[in-house]
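*Asks:* Sharing a model that was predicted from the sequence below.
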2 protein chains.
Amino acid sequence: MESISVGLLGLGTVGSGVVKVIESHQDKLMHQIGCPVKIKKALVKEINKVRDVDIDTSILTLDPEEILLDPEIDIVVEVMGNIEETKEHLIKAITHKKHIVTANKDLMAVYGPELLTLASEHQCDLFYEASVAGGIPILRGLVDGLASDRITKMMGIVNGTTNFILTKMTKEGRSFDDVLSEAQALGFAEADPAADVGGLDSARKMAILSTLGFSMNIDLDDVKVKGITEVTEEDLQYAKQFGYIMKLIGYAHREGNRVEVSVEPTLLEESHPLSSVNDEYNAVYVYGEAVGETMFYGPGAGSLPTATAVVSDLVGVMKNMRLGVNGKSAVSPQFMKQLKEDDEIYSKHFLRLHVEDEVGVLSSITSVFSKNGASFEKVLQNPLGEEKRAEIVLVTHKTSLEGFERVLEELRDLKGVQFVKSTYRVEGGDA
Amino acid sequence: MESISVGLLGLGTVGSGVVKVIESHQDKLMHQIGCPVKIKKALVKEINKVRDVDIDTSILTLDPEEILLDPEIDIVVEVMGNIEETKEHLIKAITHKKHIVTANKDLMAVYGPELLTLASEHQCDLFYEASVAGGIPILRGLVDGLASDRITKMMGIVNGTTNFILTKMTKEGRSFDDVLSEAQALGFAEADPAADVGGLDSARKMAILSTLGFSMNIDLDDVKVKGITEVTEEDLQYAKQFGYIMKLIGYAHREGNRVEVSVEPTLLEESHPLSSVNDEYNAVYVYGEAVGETMFYGPGAGSLPTATAVVSDLVGVMKNMRLGVNGKSAVSPQFMKQLKEDDEIYSKHFLRLHVEDEVGVLSSITSVFSKNGASFEKVLQNPLGEEKRAEIVLVTHKTSLEGFERVLEELRDLKGVQFVKSTYRVEGGDA
């Protein structure tokens, strides 16, 4: 091979990073693959725009077909985002025998299995390491590094914006809205932060992670999602008193072949490895039957970190080209998906209630728990400033989600209970 | 392929784990490689010994040649330890066209480059993920996950015994000897702990890591080594007061093409990701020019975790067999090694002195520093119980190792200074 030609779909934050990494590390790439890597064309929305990367404008194009149909382009790197239109581009590229490297989690969470099958039918590689947790090589970790093990649990902090917000709220005692504004000003949160703070972005990544880790097709719709918009300073204060740290945790658990995948604000034991993952950093904790606890930590986003993952995937495709084995490394899912019901999902729960400060209230709350086969391991009662009201905060023993929901329903109707202020899942005390 | 035959050299802790992982995860292995994996023979020292794994004694042998020369054996898994004799076994296996998977860091740190070249000449794979940090897939992380990046720094907690000891000393205020005895009783330290507590085991792993991460042959002799046997409770107490955590850190740093590799007890800023790696856990922190900070965390030893790495390597060899590309994935080093001199090695240093408690001592110490172009950012003086003696503890600004050694030499001769009690490298405030 004289050189390998790459077509770039998109030249935004990640695309510019890809250009920079390919240029500045050309030496190392040459050494590994034995020939130069050249970006032959890049699809953009506007040719004459000021960009933060030096690029010859003659290779820019407004027409995707100049890349997708160019027989000289070997690999298409997709860093343009979007779902439906981009999917059509990739289908066209694959049917024209081009290998794909993508950073698009939105696309992979929804159409990943379909595109992977198509790629494999055309002996094309489709790599997507950058779609989950930016610069952290977690997908390789699952597929190659833990190839021999049976992964039973994954817990991920896979969204930098929400981790930044929760870290600041925790350390500085500030409100969600206040920190969100700062994050937007600093560029850690988008103008429309809904997909981040609502948990959807994390859910997409958990669908991808659990599909790979559990070797079964988990759809985005299978992931239960709750965001961090309702988290209050008071919740964080009580959490701290009980020895917990609040994180937005993507949780994927397999018992036998029954699985559960969720994203929700979760209270972690302070000693859990994920508890010290702060600011905009990401980490994925993986529990395997044989290996036990492992964790992969690093930057979850950003131009150069994400570009590193993209270009490392490019190296993988190019090594396969040299060996003539493209499209043969993907392994299709081994298992049929079986989702757990609420009565199979067990965890501890944190619960904060406002009650009338009268004799017997705590006792009648206790009765509701025991009637439903539940109990609590920690409880705290604080008088509220106002007359005859108090706050009760408790953490249950492990109980089924169904049982806990039943308790909540009865508590809401219980005489003396004014509001259920908040509830959170609690994790981390055991593997 | 009807089945793949494996010969096992060694059936101790890791070897038994390999048998268990292959048996209990046969389903997953089959799914990935398309045929069963069979252990055809295992080399042992004694046939009729009680073992903690169920194995047909008819496959056990005392004669290594029954494995090394058996034309039906495709892959040799080496988990017997030792260096010279084992090297001869592997050379024989490779020249008989067998692929190798080894967990032997002692061997790879010394003969890795030679064996890798031989394997490549014979179109054989030689994989050794298990040799560094047990169950953590760090070598793949460096070679594949960060393939496109230029790695400039690695810091590793790569010895579980010493991390267990330092964690206990820090948290419980106990002495080295006291905790070492407990670690031996619990099986976390060997009867002869010299290679662990003296730092040699970590140095072997750092030689392997830096060879791969920097793409140059780093020999074991290139690694400067200091163990933890001199670390005292007092050092740990002062470290804590200054906001540091003591860890035995393997440190590999590249600037331009000049490198430094060392193993020494190091004071880390509490906020550094490695500071919260406790007990017998291992972690490798990797800094890449583009990706920034990443960390890989997990169990560094143990039967099943190490076996996971071995069997995942086996899966890698078997996938390559299926594709017919064995022996083609190794990349030879890109750079000639250039080791830094002491005047190119910069860091902060912690220093503890006993002095006569007289007017002017601190001032004359300060003069020694400034005369040598050094200075300190933190200092603390404590009267000692005895008459007219005091302890001075300080942390320097970044200074060259050569400059700091000069300061130490002059301090030892300075009037009023009784002893230099301890010195440690300080890291973690910047990337």
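*Replies:* Arrived safely.
*Asks:* Was I right to think residue A:124 contacts residue A:96?
*Replies:* No. Using CB atoms under 8 Å, residue A:124 is not in contact with residue A:96; the gap is 9.5 Å. Every residue, glycine included, has its C-beta placed from N, CA and C.
*Asks:* Go through stretch A:227-247 and flag the buried ones.
*Replies:* A:227-229, A:231, A:235-236, A:238-239, A:242, A:244-247 (16 or more other CB atoms under 10 Å in any protein chain shown).
*Asks:* Out of these, which is nearest to chain B?
*Replies:* residue A:245 (11.7 Å; CB to the nearest CB).
*Asks:* Can you list phi and psi of the closest one for me?
*Replies:* Dihedral angles of residue A:245 (phi, psi; degrees, to the nearest 10) stand at phi -120, psi 130.
*Asks:* which stretches of the stretch 1-150 of chain A form helices?
*Replies:* In the stretch 1-150 of chain A, the helices defined using DSSP state H, counting those that start in this stretch lie at A:13-24, A:26-33, A:65-68, A:84-95, A:105-121, A:138-140.
*Asks:* and residue A:79, what does it touch?
*Replies:* Counting by CB atoms under 8 Å, 6 or more residues apart in numbering or on different chains, residue A:79 makes contact with A:8, A:9, A:10, A:11, A:12, A:14, A:15, A:18, A:102, A:103, A:104, A:310.
*Asks:* could you redo these as a markdown table and give each row pLDDT and neighbour count?
*Replies:* Below are these laid out as a markdown table (pLDDT from 0 to 100; neighbours: other CB atoms under 10 Å in any protein chain shown):
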| residue | pLDDT | neighbour count |
| --- | --- | --- |
| A:8 | 98 | 31 |
| A:9 | 98 | 26 |
| A:10 | 97 | 22 |
| A:11 | 97 | 23 |
| A:12 | 94 | 14 |
| A:14 | 95 | 27 |
| A:15 | 97 | 28 |
| A:18 | 97 | 31 |
| A:102 | 98 | 25 |
| A:103 | 97 | 27 |
| A:104 | 97 | 27 |
| A:310 | 97 | 29 |
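*Asks:* Chain B contacts on the stretch 251-400 of chain A?
*Replies:* Residues of the stretch 251-400 of chain A lying near chain B by CB under 8 Å from any CB of the partner chain: A:273, A:276, A:281, A:288-299, A:302, A:304-305, A:307-312, A:314-316, A:319, A:323, A:325, A:328-329, A:331, A:334.
*Asks:* Buried subset of those, written for PyMOL?
*Replies:* Buried members of these, defined by 16+ other CB under 10 Å, are picked up in PyMOL with:
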select buried, chain A and resi 273+276+281+288+290+291+292+293+294+295+296+297+298+299+302+304+305+307+308+309+310+311+312+314+315+316+319+325+328+329+331
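*Asks:* Walk me through the domains of chain A.
*Replies:* Following automatic domain parsing, one gets these domains for chain A: A:4-132+A:303-323, A:138-299, A:342-427.
*Asks:* still on that earlier bit, which one of residue A:124 and residue A:96 has more residues nearby?
*Replies:* residue A:124 (25 against 17; other CB atoms under 10 Å in any protein chain shown).
*Asks:* The more buried one and residue A:3, how far apart?
*Replies:* Counting by CB to CB, to the nearest Å, the gap from residue A:124 to residue A:3 is 19 Å.
*Asks:* And for residue A:331?
*Replies:* From residue A:331 to residue A:3 the distance is 31 Å (CB to CB).
*Asks:* which residues are contacting stretch A:14-33?
*Replies:* Stretch A:14-33 is contacted by residues A:4, A:6, A:8, A:11, A:36-37, A:39, A:42, A:51-53, A:55, A:77, A:79-80, A:103, A:130, A:302-304, A:306-308, A:310-311, A:314-315, A:318-319, A:322, B:147-150, B:215, B:289-290, B:331, B:334 when judged by CB under 8 Å, 6+ apart.
*Asks:* Residue most distant from the centroid, chain A?
*Replies:* Computed with CA atoms, centre = their mean, the maximum C-alpha offset from the centroid of chain A is found at residue A:359, amounting to 45.8 Å.
*Asks:* Where does that residue sit: helix, strand or coil?
*Replies:* Using DSSP: H, G, I helix; E, B strand; the rest coil, the structure places residue A:359 in coil.
*Asks:* Just confirm residue A:353 contacts residue A:414, I think it does.
*Replies:* No. Residue A:353 is beyond contact range of residue A:414, at 9.4 Å (criterion: CB under 8 Å).
*Asks:* So if I had to pick from the two, which one is more boxed in?
*Replies:* Higher neighbour count among residue A:353 and residue A:414: residue A:353, with 25 against 16, using other CB under 10 Å.
*Asks:* got the contact list for that one?
*Replies:* Counting by CB under 8 Å, 6+ apart, residue A:353 touches A:365, A:391, A:392, A:393, A:394, A:411, A:417, A:418, A:419, A:420, A:421.
*Asks:* In space, what's closest to it - neighbours in sequence excluded?
*Replies:* Excluding the flanking residues, the one nearest residue A:353 by CB to CB, 6 or more residues apart in numbering or on different chains is residue A:392, at 4.7 Å.
*Asks:* Neighbours of the one you found, how many?
*Replies:* Neighbours of residue A:392 (other CB under 10 Å): 21.
*Asks:* Over to it. Which of the three states is it?
*Replies:* Per three-state DSSP, the secondary structure class of residue A:392 is strand.
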